[in-house]
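Participant: The amino acid sequence is not available; the structure is as follows:
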């Protein structure tokens, strides 16, 4: 009869990693802040690539660029701009929180700091939305 | 008095006659107000399925042996009252800890983590701290004298299980080991702590922590591993290059 006993920790495969991140169960605020930081970080990287691609359209001359600007001035793009600002603000402020933690500041008040980061991000995004959409 | 019936969804590993690991559901009679979750697991073993494998010893949050995940969250079932985690209707899900090798069903092997602790030469018994931060039963000030007890850490490995970094990187020393390292550095008692600082000042040491602090959120003994890791970082940042790798 085989023992079926293994005390070796299997190396984490892609499925195991994905399953962990997608598991909709109990999470603490620090985990949500980390996940949101990663998500906004990926959004910013994607935006940077798109931004460079759009800038390359300048090579087509003023007429082509003006047509692009008309598209970017449409309502859906302005809403997307607002969401992008939300991502930038949260990522930046949360980065400051994490940097403070690394220097030994605020580790015992992590949840309160996360709440402050979210509140400040929401306030700054609302201000940006008012400036962009009105 | 057993006044309710609980549907227990428990993780079972592969074994002869069971080809793949999967959840199994058993129904257990429980006393909703008096039973602990460990009582329920023991009853499932005694009354329903004697092949269920789980670890336990002290039954009072002293040994940390019985730690499991209850409805996804790391807990010590011996001091988790059933009424805290069960609404009386839905299923209760019990799984082994994450990021620790599973021997069978709910039983995990703490060996690799304990070996890392041994590498620190961690002194397991010390004079009790002035502020005993036991979440289960705080010790009144009058009782805190020259008594000796184990360090706050129960070595239950709930922190390791909750840590997303440990989930993705088995090489990571993990919050339990790093918290123990900080205790040694915090109170060296005339010992040279250089070897401890060298051990944690690596890519898989304190610098791999992502400041999520899930470890501190689940610790049943108030050790605050996340805060201790941050304290270690601050200590390392003030370490002079000449002392690194050659003592404190």
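Facilitator: Everything's here; your move. If you're wondering where the values come from, they're calculated on a predicted model, not measured in any experiment.
Participant: Tell me which stretches of chain B form strands.
Facilitator: Here chain B has its strands, by DSSP state E, at B:4-12, B:22-30, B:68-70, B:73-75, B:92-95, B:102-104, B:107-108, B:125-127, B:148-150.
Participant: Of those, which is nearest residue A:79?
Facilitator: strand B:73-75 (37.0 Å; C-beta to C-beta). Where you see a C-beta, it was placed from the backbone N, CA and C, and this is true even at glycine.
Participant: Okay, now the sheet partners of the closest one, with direction.
Facilitator: Strand B:73-75 has the following sheet partners, assigned by DSSP bridges: strand B:68-70 (antiparallel).
Participant: Quick check: buried residues in the partner strand?
Facilitator: Buried residues in strand B:68-70, counted by 16 or more other C-beta atoms under 10 Å in any protein chain shown: B:68, B:69, B:70.
Participant: what about that strand, distance to the chain center?
Facilitator: 11 Å (C-alpha atoms, centre = their mean, to the nearest Å).
Participant: Around chain A, which positions in chain B sit nearby?
Facilitator: Contact residues (C-beta under 8 Å from any C-beta of the partner chain) of chain B with chain A: B:13-16, B:71-73, B:98-101, B:103-104, B:109, B:111-112, B:162, B:164, B:167-170, B:210-214, B:216-218, B:224, B:226-227, B:230-231, B:233-234, B:237.
Participant: just the buried members of those residues?
Facilitator: By neighbour count, with 16+ other C-beta under 10 Å, these hold B:13, B:15, B:71, B:73, B:98-101, B:103-104, B:109, B:112, B:162, B:164, B:167-170, B:210-214, B:216-218, B:224, B:226-227, B:230-231, B:233 as buried.
Participant: tell me what the helix or strand that contains residue A:89 is packed against?
Facilitator: For residue A:89, the host element (DSSP states H and E) is helix A:75-102. Helices and strands touching helix A:75-102, by 3 or more C-beta pairs under 8 Å, 6 or more residues apart in numbering or on different chains; DSSP states H and E, are helix A:29-55, helix A:110-133, helix B:225-237.
Participant: swap the cut-off to 10 Å and go again
Facilitator: Applying 3 or more C-beta pairs under 10 Å, 6 or more residues apart in numbering or on different chains; DSSP states H and E, one finds that helix A:75-102 makes contact with helix A:29-55, helix A:62-72, helix A:110-133, helix B:225-237.
Participant: tilt between it and helix A:62-72?
Facilitator: On the basis of axes from the mean of the first three to the mean of the last three C-alpha atoms, to 10 degrees, helix A:75-102 is oriented at 80 degrees to helix A:62-72.
Participant: any chance you could map the helices in chain B?
Facilitator: B:37-43, B:82-85, B:111-119, B:158-162, B:164-168, B:175-186, B:194-200, B:214-218, B:225-237 (DSSP state H).
Participant: from those, which stretch is densest packed?
Facilitator: Of all these, helix B:158-162 has the most neighbours on average by mean count of other C-beta atoms under 10 Å in any protein chain shown, namely a mean of 30.
Participant: pLDDT of that helix, averaged?
Facilitator: Helix B:158-162 shows a mean pLDDT of 95.
Participant: can you check stretch A:100-116 too?
Facilitator: Stretch A:100-116 comes out at a mean pLDDT of 87.
Participant: Okay, now the unreliable bits of chain A?
Facilitator: Along chain A, segments meeting pLDDT under 70 span A:1-13, A:16-17, A:20, A:23-26.
Participant: Compare the mean pLDDT across the strands of chain B and name the weakest.
Facilitator: Across these, the lowest-scoring stretch is strand B:148-150, with a mean of 48.
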